[in-house]
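Peer 1: got a predicted structure here, sequence first:
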Amino acid sequence: MPNGDRLVPGKPVIDQQVRTYMQDRLRHSQRAAAARAGFSERTARRIEADPQLPSQRQAERGRTVPDPLAAVWEPVLLPILENDPAVQAVTLLRHLQVTDPDGFPDDRIRRTLERRVRDWRALHGPERDIIFRQVPEPGRMALSDFTDAGELAVTIAGQPLAHRLYHFVLAYSSWEHVAVVLGGESFTALAENLQNALWALGGVPREHRTDSLSAAYRNLDRVAAEDVTRRYEAFCTHYGMAASRNNPGEAHENGAVEAHNRHLKAALDQALILRGSRDFASLPDWRRFIDQLVARRNRRRETVLRVEMAALKSLPSRRTTDFTELVARVTRTGGFLVHGIFYSAPSRLIGQRLRVHVYDDRIEAWLGSTQVLSHPRLRARQDGRRAHCIDYRHVIHALRRKPQALAASVYRDGLFPRSEYAAAWIALSEALPQREACWRMVDLLWLAHDEVCEAALAGLITAELAAGHLPDAATLKGRLAPRQRDLPADVPVALTALATFDALLEAQA
């Protein structure tokens with residue numbers, strides 16, 4: 001406690017100190033009572049000369065400089081604010097500079113005007129929205145959202161990966177499920193990943209909340225938008241969840257997952273820093289990296305998750321549709337179109353109508369109840385040219401009969417299964433006449449297909465090109481490891497005793 005004149009400069013005396021001093025002054029000297037109250041002896045003499053409390057002596061602070069807005073606030077600015085309280089202070093300043101350029105030549109009064117507008121809104125402005133914090137209940141709500149992952153700067157084999165993350169979070173326990181989404185915020189991406197999240201969780205909450213899903217309806221006509229709405233409602237009905245959405249523009253209503261989005265990306269960023277590289281050899285490696293991080297985060301929530309699991313509903317007996325289905329006809333060009341992308345198909349399917357299941361990262365084609373092919377899903381190119389997804393095994397039999405078709409094929413560049421085969425075509429087409437180059441390239445593709453040696457042959461092609469030689473299928477075939485074609489010598493076969501059939505016939509008689 002300070003005593004005598006050793007009072008901290010600028011520290012005002014408060015009412016309680018004065019009361020303490022006046023009580024102690026009855027029993028102590030002026031110097032001692034001032035020390036016990038915490039101010040100087042000079043202050044004690046001033047208090048005894050005027051025993052009023054400091055709060056009673058304080059005079060109201062007046063303006064020390066003229067009000068620069070006195071002439072324009074009520075007649076000019078206040079009517080504008082009352083007409084539309086959303087107007088900004090800087091807009092009012094620009095208005096003054098236009099109507100009275102001599103009186104307001106610069107931005108010197110901008111801060112004063114901003115404070116005046118702020119105080120007016122606080123006293124006379126419209127009522128504002130209030131965020132009502134909610135108490136989460138076990139098993140009641142799960143939330144889904146998509147968040148852009150571009151800021152993580154992840155690359156796949158050196159190429160930037162444009163993608164989003166689907167994020168599923170339980171509001172009570174914060175258990176989460178994360179998946180890589182290559183396309184946009186579509187119904188397909190939502191349904192597929194939401195279904196995966198529910199089955200990974202092993203239970204179903206009573207309510208599922210999303211944002212307004214405006215991105216899922218973008219570029220859809222009315223009929224298509226209504227179809228998406230019906231499918232989403234049918235999806236939620238299958239799992240017994242009530243579907244809810246936050247109001248457009250009110251992201252805080254989805255706050256339980258919005259906050260987790262930030263935490264998730266921060267955790268991924270830190271994990272990538274520790275890894276020392278943001279480049280992954282393949283997309284499955286990046287997905288595995290995310291799964292491992294999320295699993296570690298979920299392990300810290302096991303105790304509270306057990307409470308929530310007891311309140312979750314059971315999963316239905318089967319999964320439901322989580323894809324977009326369309327019908328496509330396989331044409332004589334050896335494939336079919338899905339959303340403007342050409343996908344190859346085995347030539348025996350030409351003329352058949354296939355049911356195509358479109359997922360976020362793949363398509364599956366079905367003939368009746370039989371799946372006949374699967375392709376990774378491609379997106380339209382930015383330059384407007386048609387993209388092609390070709391499996392060389394689908395066309396190699398026809399191409400072997402007409403090898404010259406390779407040179408000018410519209411999907412030639414998509415035909416090569418690996419970059420080594422594309423490099424072989426460049427070398428062959430530059431060094432040989434077109435006819436011979438086509439023959440050699442088709443022979444290489446046939447060898448890869450017939451011997452099931454695509455990867456091994458790619459390595460031999462690279463070695464040949466590095467040595468300055470043109471790859472030749474006949475030569476390289478001898479360097480491949482022999483393919484096991486013989487059946488095992490001893491195959492155990494269990495024969496049914498004939499007496500069993502006699503007993504069966506007697507029982508039927």
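Peer 2: Perfect, thanks for sending it.

Peer 1: tell me what the lengthiest helix in the chain is packed against?
Peer 2: Longest helix in the chain, counting residues (DSSP state H): helix 255-275. Applying 3 or more CB pairs under 8 Å, 6 or more residues apart in numbering; DSSP states H and E, we find helix 255-275 packed against strand 141-148, strand 164-170, strand 176-181, helix 283-299. For every residue, glycine as well, the C-beta is placed using N, CA and C.

Peer 1: give me that answer again for 7 Å
Peer 2: Helix 255-275 is packed against strand 141-148, strand 164-170, helix 283-299, with contacts defined by 3 or more CB pairs under 7 Å, 6 or more residues apart in numbering; DSSP states H and E.

Peer 1: out of these, deepest packed?
Peer 2: strand 164-170 (a mean of 24; mean count of other CB atoms under 10 Å).

Peer 1: what are the ranges of the helices in the stretch 201-350 of the chain?
Peer 2: 222-239, 255-275, 283-299, 302-309 (DSSP state H, counting those that start in this stretch).

Peer 1: select, out of the ones you listed, the one closest to residue 433.
Peer 2: helix 283-299 (39.4 Å; CB to CB).

Peer 1: how far off strand 164-170 does that closest one point, in degrees?
Peer 2: 20 degrees (axes from the mean of the first three to the mean of the last three CA atoms, to 10 degrees).

Peer 1: how much does helix 283-299 deviate in direction from helix 255-275?
Peer 2: Using the same axes, to 10 degrees: helix 283-299 against helix 255-275 is 120 degrees.

Peer 1: could you tell me the angle between helix 283-299 and helix 302-309?
Peer 2: Using the same axes, to 10 degrees: helix 283-299 against helix 302-309 is 90 degrees.

Peer 1: quote the end-to-end distance of stretch 275-285.
Peer 2: 13 Å (CA to CA, to the nearest Å).

Peer 1: could you do stretch 455-475 as well?
Peer 2: 17 Å.

Peer 1: can you pull out the strands in the stretch 351-500 of the chain?
Peer 2: 353-358, 362-367, 370-376, 388-389 (DSSP state E, counting those that start in this stretch).

Peer 1: what are the buried residues along the third one?
Peer 2: I take that to be strand 370-376. Using 16 or more other CB atoms under 10 Å as the test for burial, strand 370-376 gives 372-373, 375.

Peer 1: contacting residues around that strand?
Peer 2: 343, 345, 349, 354, 361-366, 389 (CB atoms under 7 Å, 6 or more residues apart in numbering).

Peer 1: rerun at 6 Å
Peer 2: Applying CB atoms under 6 Å, 6 or more residues apart in numbering, the contact partners of strand 370-376 are 343, 345, 362-365, 389.

Peer 1: just the CA atoms of that strand, as CSV, please.
Peer 2: What follows is strand 370-376, C-alpha atoms only, in CSV (Å, rounded to 0.1, in the frame of the first residue of the first chain):
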residue,chain,number,x,y,z
THR,A,370,-25.3,-57.4,-63.3
GLN,A,371,-22.6,-54.8,-63.0
VAL,A,372,-20.7,-54.8,-66.3
LEU,A,373,-18.1,-52.0,-65.8
SER,A,374,-16.9,-49.2,-63.6
HIS,A,375,-14.9,-46.0,-64.5
PRO,A,376,-13.5,-43.2,-62.4
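
Peer 1: centre of the chain to that strand, how far?
Peer 2: 27 Å (CA atoms, centre = their mean, to the nearest Å).

Peer 1: what average pLDDT does that strand get?
Peer 2: With pLDDT averaged residue by residue, strand 370-376 scores 92.

Peer 1: same thing with the last one?
Peer 2: Strand 388-389 shows an average pLDDT of 90 in the prediction.
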